[in-house]
Structure formats: structure tokens, C-alpha cells
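Enquirer: With the sequence up front, the predicted model follows.
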Amino acid sequence: HRALALFVFTGSILALEPAPLPIAALLVPIGQIALGINEARGAFAPFGNPVLFLILGSLFLAEALRKHGLTRRLALYAIIQSGGNFRALVLGLMLITGVLSMWVLNTATTAVLIPVAITIAQRVQRPEEAKRALSLLILCIAYSASIGAMATVMGSGENAIASNSLDQATATGFGFLDWMKYGLPLVITLLPLSWFLLFRMFRLSDITIDTTPVEQEIARNGALSTAEREILLVLGLSVLFWVAGASIESSLGLPETILSNAVVAIAAVAVLSVEEIVDWNDLKGVNWGVFFVIGAGLTLGNALESTGANSWFATLLAPLLHPLPYVAILSVLVVLSFTLTQFMNNVTLGAILTPVLVTLGEASGIAPERLLLPTIFSLALAYMLPSASARMTLVAVTGAVQSKEMVRAGLLIGIPSALVILLYFYLLSQFNLI
């Protein structure tokens, strides 16, 4: 009963946010201690989970990219490669945003690239077209950051929480590549779909952008600096170790987990710091609130598991699932997740739903990833309201996208994307690929 009280308490404070979300998140372990579920050492232990340091390393890498202008440089190259064709330019910008969001937290990617969208829109000649172009560009960055993040564990906070739970719940573990093999095909599908639907909504296909100022900026920037080359090298090696770390450990006879995700992320930042590419003044300004919110989610999961509340939930709900085909369960999960995430922060929802779905899967004889992955990917489609995610908050702060445009675009792109997720996991189940 105390664990259930903690679950209700956690859901309430994270949904209602009586204080800023990171501060509200810190009330979760305090609530656990107050209810007698755990002592202080145990309640705060999840804040030392390696997955949190993977996310922290990702935030630091994003700051290094921002500080030295690499993300802006990549976006400027996309403009040049488009030849001024607006459709090609937007697609290139979405691809860059999506790829960056695979390796650094998607909110950080959005924050860095929104100024690039403003720069591009200023190159549009006619004022009315410039206004619509800015709305489209800012939305395309937010959406492609959300989509790109689906590919990896560190792309978003909810991914980190879910992957940690799946790793503990599955007999063989659930590693970086396990997540990627499910997430990457969705990214490849949803990015071009979103690009197509955004242009259907805004009808701006005939715009040509004057690339002369961009060419001049690239010329002023010159060749890649030593710092930029070192950042790219460190990021490239990090990606290699994240993807193939276990194989490299085995082939070289290295200690197990020496190339684990968190170790690689923090080591990468340490190298950049030693090389004086970033310093503490740079790193202390990252979004530390994400660290606290994810930690709260892990704390909640541990509490529900240790007290047996998860098992109680599962015993209650599992009989309802047995008579239903997987496609019916999948449909409920996708629709429910897509609807809830429009009104409540998606990381918060991931923290609340993950422990319940993992245990429910185990109790009902359904592989936990069959329930959790479509739910988490659907939570990424938080497109309609500023409160849905930090990315949409950044969109709203620009003032470039009207509320009705945000809702309309969220429905127009979100619903087909949710249907793609539903169909994708149904097909995976039919061919026993999940």
C-alpha cells in the first residue's frame, strides 16, 4: 500500500508540477523515505545508475558541439547542398537534426538548431512566405529531433529509463544494439513521412533560398579548426564503442564493461576537457534537470519492484490481457500513449509507465519489450502542446508557431506516425522479430 501511495504521489507531483519539474522529481526519493519504503541510501541509489551518466555525457557532448559551432556548420552545409531548393533544404536539415539526436539528447539538439531555422527563414523574400517557412522549419527541427532520438538509448530521457528496465527484465540483457535494431527502422520511416506531411500542410514547395550569405559565413569560418576535428574524432570513437563496445572488449581481452555506454560517454568528455576544448564553465550550464527527472523514474521503478507493488499491478491486470490478441493490446498502448503525451511531459510518462508495463509483460507471458517499446516510441510523438515535451516548449518560446498551427501540425504528423508505429510492431510480432 505504501508503494502504491508512492506511485500516486509520484504521478501527481510530476503531472501537476507544484515546483519546477526537476525539483518535483527530487521529491520522489524523499516521498519514498517518508513513507518508510526505503532508507536514504537506498532511495537515492538510482541516481548513481550508469544510464544517468550516459545521458549526462550526451549533454556534455552536445555542449561541445554547440560551443564550437559544429552543429551550425553542419546545418549551413545542408543549405549549400540543397542549392537553395527549400524542400531539399528542409529534408537535409531534418536528416542532420535526426542523426545528431541519436547521439546527443534531443532537447539539446533542438535548442542549438532553432537559431539556424530563424537564419534560413530570414532569407525568404516575401514576408507571408517567410512567416510560414519559419513555422515549418522550427517544427521540422523539433519533430526530427524527437524522431531521431528513437534510434538510441541516449536520445531521450524516456528511452534511458525504458532501456534500463528492459536490461534488468530480460534474461539476456537489453543493450545498445538491441534498442537500435527496433528504433532505427522507425527513424528511417518517420523522418521522410514527417517531411512530406509538413509540406502538405504549409504548401511552400516553390520557395528558393538565397544561399549567398550562407556561403559567405562558411567562407568566414574557414576550414575545420583543431578543436572541431578533435570533437568529431571523439564523437566518432564514442559512437563506435557504443555500437561495438562488447565485441571490442571480447576481441582485445579487455575487462568486461570497460567500454560500457556510460564509461565511454564520460571518458569522451574527460578527453575533451583535458584537451581544453570544454571546461567546467561550459558543462555546468547544461540541462541538469533531465538528470533528476530520469533519476526519479528509476527510483520509482526500484520502489515498486522491491515492495511487490509491481506484482500486485500485474496480477490485477494480467487476466484482462490473456483473451486479447496482441494487435488489440498494441492498439490500446499506442493510442493511450499518443493521447497522454500531448498533455503530460513525455519523460514523466515514461517514468510512470515503464515499471508497470515491464512487470505486466512478465506476469501475462508477453515479452516486456512488446509492451514497452511501442509505448515509449509513441510517447516521442508529443507534438501538439508546449507542455508535451521540452522540445515543444522551445518551439512555443520562439513565438513563431501559433497555438492552432502547433495543434494542427501535431495531429497531421502525429496520427500517421502513431499508425506507423502500430503497424511496425504488429509486423514484427507476426514474423516473430520481437
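Expert: Received it, and whenever you're ready, just let me know what you need.

Enquirer: where's the closest residue to Leu26 other than its chain neighbours relative to Pro255, distance?
Expert: Distance criterion C-beta to C-beta, 6 or more residues apart in numbering; nearest residue to Leu26, sequence neighbours excluded, is Phe292 at 5.6 Å. Yep, even glycine has a C-beta here, placed from its N, CA and C like the rest. To Pro255, Phe292 is 31 Å away according to C-beta to C-beta, to the nearest Å.

Enquirer: Mind checking the pLDDT average for stretch 387-402?
Expert: In this model, stretch 387-402 has a mean pLDDT of 86.

Enquirer: Tell me which residues of that stretch come out buried.
Expert: Ala388, Ser389, Ala390, Arg391, Met392, Thr393, Leu394, Val395, Ala396, Ala400, Val401 (16 or more other C-beta atoms under 10 Å).

Enquirer: circling back to that earlier point, pick out whichever of Phe292 and Pro255 has more residues nearby.
Expert: Phe292 (20 against 7; other C-beta atoms under 10 Å).

Enquirer: Tell me who's in contact with the more buried one.
Expert: Pro22, Ile23, Ala25, Leu26 (C-beta atoms under 8 Å, 6 or more residues apart in numbering).

Enquirer: Surely the last one and Ala296 touch.
Expert: Yes - in this structure, Leu26 is within contact of Ala296 by C-beta atoms under 8 Å, at 7.1 Å.

Enquirer: Look at the two and report which has more neighbours.
Expert: It is Ala296, of Leu26 and Ala296, that has more neighbours when counted by other C-beta under 10 Å, with 29 against 19.

Enquirer: mind listing the strands for the stretch 51-200 of the chain?
Expert: Assigned by DSSP state E, counting those that start in this stretch, the strands in the stretch 51-200 of the chain number zero.

Enquirer: again with the stretch 251-400 of the chain
Expert: According to DSSP E, counting those that start in this stretch, the stretch 251-400 of the chain contains no strands.

Enquirer: returning to what we had before: list buried residues within the contacts of Phe292.
Expert: Pro22, Ala25, Leu26.

Enquirer: show me the contacts for the most centrally placed residue in the chain.
Expert: Taking C-alpha atoms, centre = their mean, the centroid of the chain lies closest to Ser156, which sits 2.4 Å from it. Residues near Ser156 by C-beta under 8 Å, 6+ apart: Leu105, Asn106, Ser146, Ala149, Met150, Asn346, Val347, Ala380.

Enquirer: Check Gly11 too.
Expert: Taking C-beta under 8 Å, 6+ apart as the test, what Gly11 contacts is Ile352.

Enquirer: Just the pLDDT for it.
Expert: With respect to pLDDT, Gly11 scores 70.

Enquirer: ok, and the closest non-adjacent residue to Ser225?
Expert: Using C-beta to C-beta, 6+ apart, the closest residue to Ser225 is His68 (7.0 Å).

Enquirer: list the contacts for that neighbour?
Expert: Per C-beta under 8 Å, 6+ apart, neighbours of His68: Ser225, Ala227, Glu228, Ile231, Ile277.

Enquirer: Swap in 10 Å and give it another go.
Expert: Leu224, Ser225, Ala227, Glu228, Glu230, Ile231, Leu232, Leu272, Ile277, Val278 (C-beta atoms under 10 Å, 6 or more residues apart in numbering).

Enquirer: How about Leu357?
Expert: Contacts of Leu357 (C-beta under 10 Å, 6+ apart): 162, 165, 169, 310, 313-314, 317, 333, 366, 368-376.

Enquirer: what's the neighbour count on Ile188?
Expert: With neighbours defined by other C-beta under 10 Å, the count for Ile188 comes to 12.

Enquirer: just checking, it touches Met102?
Expert: No - using C-beta atoms under 10 Å, Ile188 is not in contact with Met102, being 11.6 Å away.

Enquirer: so what's in contact with these two at the same time?
Expert: Common neighbours of Ile188 and Met102 are listed as Ile147, Ala151 (criterion: C-beta under 10 Å, 6+ apart).

Enquirer: what's the closest non-adjacent residue to Arg2?
Expert: Leu35 (4.5 Å).

Enquirer: what does Gly301 give?
Expert: Pro355 (3.9 Å).

Enquirer: how many other residues sit next to the one you found?
Expert: So Pro355, with other C-beta under 10 Å, has 26 neighbours.

Enquirer: Does it touch Ser311 like I think?
Expert: No - taking C-beta under 10 Å as the definition, Pro355 is not a contact partner of Ser311, at 11.0 Å.

Enquirer: Spit out the residues that contact the two alike.
Expert: Counting by C-beta under 10 Å, 6+ apart, the shared contacts of Pro355 and Ser311 are Leu304, Glu305.
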